[in-house]
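Trainee: Here's a sequence, model it:
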Amino acid sequence: MIKKIFSLKCFIIIFILSIHNCNLFAQVSGGGYAGSYLFKENGTRPISLAGAFTAVANDPSTIFYNPAGLTHCAPVPMISLSYSLLEYSRNFANLTYAQSFEKFGIGASLSSYKSGNIIARNRQGIEIGNYTDYFFNIAVGFSYSTTLASFGIVAKYLNNSLQGSGISGNGLSFDFGTKFNVLDLFNFGIAVQNVGGFVKYNTRGEKSNIPFAIRSGIATEIPLSEPKIITFRNEIGLLDTIEQPSPKYILFTLDATYIQYQKHPNLILGTEISPHELFTIRGGITILGDKDQNLKFFPMTIWGGGVSFKPNFEDFYNLFSVDFSFGNDLLSKNKTYYSIGISLQF
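Mentor: Alright, predicted model coming up:
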């Protein structure tokens, strides 16, 4: 009898976990699979661009989209912290690091997703407990650049637990990516994510496979001003100069993404406009994509927007920015969630 009760409880908890994953993953593919939180947009800047970031890939968020971009990050430590607040006490947070060393680039991230309370009931409707679905992953990336292209790989350790139930799972997945500069006219990037991905739970013998994703994109930046020459005081107290790209520009990026088991791919357009060196405006939307297994124009399944403020501190030549963004969340009443982030270079 005790074994039957225990088995019934495990069945109910696993069912709740599956339904919760299903709700999250429904935003992109309409199915319920392990590791569904991996398909949420990461970082305030990519959220603003609706995820059209594969060919941009030049800041710490590239570890979530295209590891080949790690060699295109700054040659000093870059740190990015973002926090997304979703309805029903859900939250999503990322801490990322990236840095380039001539032809090499490295990066790391720590991400977590936490749901609100889940009330579990048995088949008779009797409440058997309150649980919280919690996910986190640790990612480590490396990239190498040649004169023609850059190549990168990310390894991810995954953990999922239904807190309060004793049920937990661990897993691994890998991302591979490449990025090309085409005649200094535009960048082209392609990445394959969650290769060999799985989560193995302590309540079942078999592994739960994670769907793979393929994303490709192009991006071009049009400068609106001359490169910026910054004078600063170096380590020995003497004045020095450094040249940075144009602080005023327009960026256009177009991504095509496909997730395994999804019937149709998504085509996402993003734009970033920096009319002044102190702030940037961003926006992105799916112009053609899958909605309920049908191909539709402007399905409104993935969209985002945001703004970035970049204070100009005297004698501080490295980047510092505060970012605000919003994106779509089909579980919220107003279908929107909000994110705040801070990015800096040392």
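Trainee: who touches the closest residue in space to residue 319 that isn't next to it in sequence in this structure?
Mentor: Leaving aside its sequence neighbours, residue 319 sits nearest to residue 345 (CB to CB, 6 or more residues apart in numbering; 4.6 Å). For glycine as for every other residue, the C-beta is placed from the backbone atoms N, C-alpha and C. Applying CB atoms under 8 Å, 6 or more residues apart in numbering, one finds that residue 345 lies in contact with 74, 76, 77, 78, 79, 318, 319, 320.
Trainee: How about the first one: what's its closest non-neighbour residue?
Mentor: Among residues not flanking residue 74 along the chain, residue 345 sits closest, at 5.4 Å (CB to CB, 6+ apart).
Trainee: for the one you found, which residues make a bridge with it?
Mentor: Taking DSSP bridges as the rule, residue 345 bridges to residue 78.
Trainee: quick one, phi/psi of residue 295?
Mentor: The phi and psi values for residue 295, taken as degrees, to the nearest 10, are phi -90, psi 120.
Trainee: so residue 87 touches residue 330, yeah?
Mentor: No. At 10.7 Å, residue 87 does not count as touching residue 330 under the criterion of CB atoms under 8 Å.
Trainee: Of the contacts of residue 345 - the most surrounded one?
Mentor: Highest neighbour count within the contacts of residue 345: residue 78, with 25 neighbours (other CB atoms under 10 Å).
Trainee: and it, how far is that from residue 320?
Mentor: Distance, residue 78 to residue 320, by CB to CB, to the nearest Å: 11 Å.
Trainee: same deal with residue 212?
Mentor: Counting by CB to CB, the gap from residue 212 to residue 320 is 36 Å.
Trainee: about what we covered before: from the contacts of residue 345, which shows the smallest pLDDT?
Mentor: The member of the contacts of residue 345 with the lowest pLDDT is residue 318, at 57.
Trainee: Now do stretch 62-71, average pLDDT.
Mentor: Computed over stretch 62-71, the average pLDDT equals 96.
Trainee: so how far is that stretch off the chain centroid?
Mentor: Chain-centre distance of stretch 62-71: 11 Å, with CA atoms, centre = their mean, to the nearest Å.
Trainee: where does the residue nearest to residue 319 land on pLDDT?
Mentor: For residue 345, the pLDDT comes out at 83.
Trainee: got it, and residue 151?
Mentor: Residue 151 is assigned 97 on the pLDDT scale.
Trainee: Wait, it touches residue 144, no?
Mentor: Yes. Here residue 151 reaches residue 144: they are 5.6 Å apart, a contact under CB under 8 Å.
Trainee: Enumerate every residue touching residue 57.
Mentor: Going by CB under 8 Å, 6+ apart, residue 57 touches 65, 66, 68, 69, 72, 177, 179, 187, 189.
Trainee: That one - that's part of a helix, no?
Mentor: No. Counting by DSSP: H, G, I helix; E, B strand; the rest coil, residue 57 is not part of a helix but coil.
Trainee: if I look at it, how far off is residue 131?
Mentor: 37 Å.
Trainee: Please enumerate the shared neighbours of residue 78 and residue 320.
Mentor: Joint contacts of residue 78 and residue 320 (CB under 8 Å, 6+ apart) are 343, 344, 345.
Trainee: unless I'm mixing things up, the second one is touching residue 79, no?
Mentor: The one in question is residue 344. Yes. Using CB under 8 Å, residue 344 is in contact with residue 79, at 5.7 Å.
Trainee: quick one: the helices in the chain?
Mentor: For the chain, the helices defined by DSSP state H cover 2-25, 44-48.
Trainee: least reliable of those going by mean pLDDT?
Mentor: Among the helices of the chain, helix 2-25 carries the lowest mean pLDDT, a mean of 42.
Trainee: Residue 226 - how many residues pack around it?
Mentor: Using other CB under 10 Å, residue 226 has 10 neighbouring residues.
Trainee: Need phi/psi at it.
Mentor: The phi and psi values for residue 226, taken as degrees, to the nearest 10, are phi -70, psi 160.
Trainee: State the distance from it to residue 278.
Mentor: As judged by CB to CB, residue 226 and residue 278 stand 17 Å apart.
Trainee: got the contact list for residue 90?
Mentor: By CB under 8 Å, 6+ apart, residue 90 lies in contact with 113, 114, 115, 116, 331.
Trainee: isn't the last one right up against residue 89?
Mentor: Which is residue 331. No. Using CB under 8 Å, residue 331 is not in contact with residue 89, being 11.7 Å away.
Trainee: neighbour count winner among those two?
Mentor: Between residue 331 and residue 89, residue 331 has the larger neighbour count (other CB under 10 Å), namely 16 against 11.
Trainee: Next, the contact list for the residue most central in space within the chain, please.
Mentor: Centroid-nearest residue in the chain: residue 42, 2.4 Å away (criterion: CA atoms, centre = their mean). Going by CB under 8 Å, 6+ apart, residue 42 touches 61, 64, 65, 82, 94, 111.
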